[in-house]
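**Student:** Generate coordinates for the sequence data below:
(chains A, B, C and D)
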2 protein chains.
Amino acid sequence: MSELYVKPGHLVRRFQQIAVAVFHAAVEDAGYDLTPVQYAALAAIATNSGLDQATLAGLIAYDRTTITGVVDRLVQKGLVARQPSARDRRAHELQITAAGKKTLRGIEPAVEAAQKSMLRGLTTAEGKELMRLLGKAIDAGNELSRAPLREAAAAKS
Amino acid sequence: MSELYVKPGHLVRRFQQIAVAVFHAAVEDAGYDLTPVQYAALAAIATNSGLDQATLAGLIAYDRTTITGVVDRLVQKGLVARQPSARDRRAHELQITAAGKKTLRGIEPAVEAAQKSMLRGLTTAEGKELMRLLGKAIDAGNELSRAPLREAAAAKS
DNA sequence: TACTGATAATCAGCATACTGAGCAATATCC
DNA sequence: GGATATTGCTCAGTATGCTGATTATCAGTA
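**Tutor:** Next comes the predicted model:
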């Protein structure tokens, strides 16, 4: 396995690189200015209104430190509102704004198109299989990164 | 496809995140301090001695701008030597140093172990299939990123 | 040879990602 | 109830990655 080109680490990095480029291109074509990270955060906030930043980080598997800056930029763009929590004065509750909802609705087709586009070259069956294998590998390695995926405390029964 | 968890973009990001964490852990355990990017660059320089930075970027599919900083750090660690090219006064030729060769030899087992570890949870067959699918998707999307993979001008016949 | 276009490298600037440290507030245990 | 541990958030610092611009050099051509 000494050749770089057959190492899983290299292959994932490349695919991720392409995925991000495809995402940016599709979103920009649609007239929006959101990064993949910002989109994921915005979508998660829309679905789990009032959540705090730590919960948000767990839901989309981001590092807590990174979330601070991402939310900063979403707030600055007027898509998200951040206010101190009544329950826990350490926490900030996040809510999507009307502008945020509008952006989210408008950007959805571009996001879907990007997801399809990054699988170009694969048949439908291959694309599904790729996602299944990625999901399986991720499940096994979830705890290995500093930012593992966590379910929302109150979101599931 | 509205759920984040079934989007290829999200899955790749997660897997990459885990892959990098696994790499760092394995390399650190072995007593080395090299990032995945630095390792890939070092290995490419070892194999293609005297190459310039643009060629290096193409070989490992990095952005040229990023390479500058990566090589800076490799030079600072004493693993790579950078000197002006005689053929082209714009270019810098890169060579691995004795320390670089020693590091590369010593780090190899940890890198191999990391590659295996990031596929934990998959059977051998599944691991191979994942790599095949990633490779196929990457081939189809190579030109979509700013840093596509390029073969070395003189490396292949 | 002068002009034009392309190329190698770097820089400024922005946005992830991470480590490690710190502060404030909450939870827990005795 | 008070010490202790934990948690939510932020910050400083480092390393990718990218966009866009600039400088120096090279290559091809009129």
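
**Student:** could you pull out the helices for chain A?
**Tutor:** Listed in chain order, the helices of chain A (DSSP state H) span A:8-29, A:36-47, A:53-60, A:64-76, A:98-117, A:124-141.

**Student:** Run through who's touching the third one.
**Tutor:** With contacts defined as Cβ atoms under 8 Å, 6 or more residues apart in numbering or on different chains, helix A:53-60 is touched by A:40-41, A:44-45, A:48, A:51, A:62-64, A:66-68, A:71, A:91-92, A:94, A:147-153, A:155, B:4, B:10. In short, each C-beta sits where N, CA and C put it, glycine included.

**Student:** Derive a ChimeraX selection command for the buried subset of these.
**Tutor:** Buried subset of these, written as a ChimeraX selection, criterion 16 or more other Cβ atoms under 10 Å in any protein chain shown:
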select /A:40,41,44,45,48,51,62,67,71,92,94,147,148,149 /B:4,10
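
**Student:** For DNA strand D, tell me which of the contacts of helix A:53-60 show up nearby.
**Tutor:** Restricting the contacts of helix A:53-60 to those near DNA strand D by Cβ under 7 Å from any atom of the strand leaves A:R64, A:I67, A:T68, A:V71, A:A91, A:H92.

**Student:** Let me have the helices of chain A in TSV, extended by mean pLDDT.
**Tutor:** Shown next, in TSV, are those (pLDDT from 0 to 100):
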stretch	mean pLDDT
helix A:8-29	96
helix A:36-47	97
helix A:53-60	95
helix A:64-76	96
helix A:98-117	96
helix A:124-141	94
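
**Student:** Just send those helices back as TSV, with distance to B:H24 too.
**Tutor:** TSV is the format used below for the helices of chain A (distance: least, Cβ to Cβ, whole Å):
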stretch	distance to B:H24
helix A:8-29	11
helix A:36-47	21
helix A:53-60	20
helix A:64-76	16
helix A:98-117	29
helix A:124-141	13
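
**Student:** closest to B:E108 out of these?
**Tutor:** B:E108 sits nearest to helix A:8-29 of all the helices of chain A, at 13.5 Å, using Cβ to Cβ.

**Student:** now for the closest one, which elements pack on it?
**Tutor:** Packing contacts for helix A:8-29, counted by 3 or more Cβ pairs under 8 Å, 6 or more residues apart in numbering or on different chains; DSSP states H and E, involve helix A:36-47, helix A:98-117, helix B:8-29, helix B:36-47, helix B:98-117, helix B:124-141.
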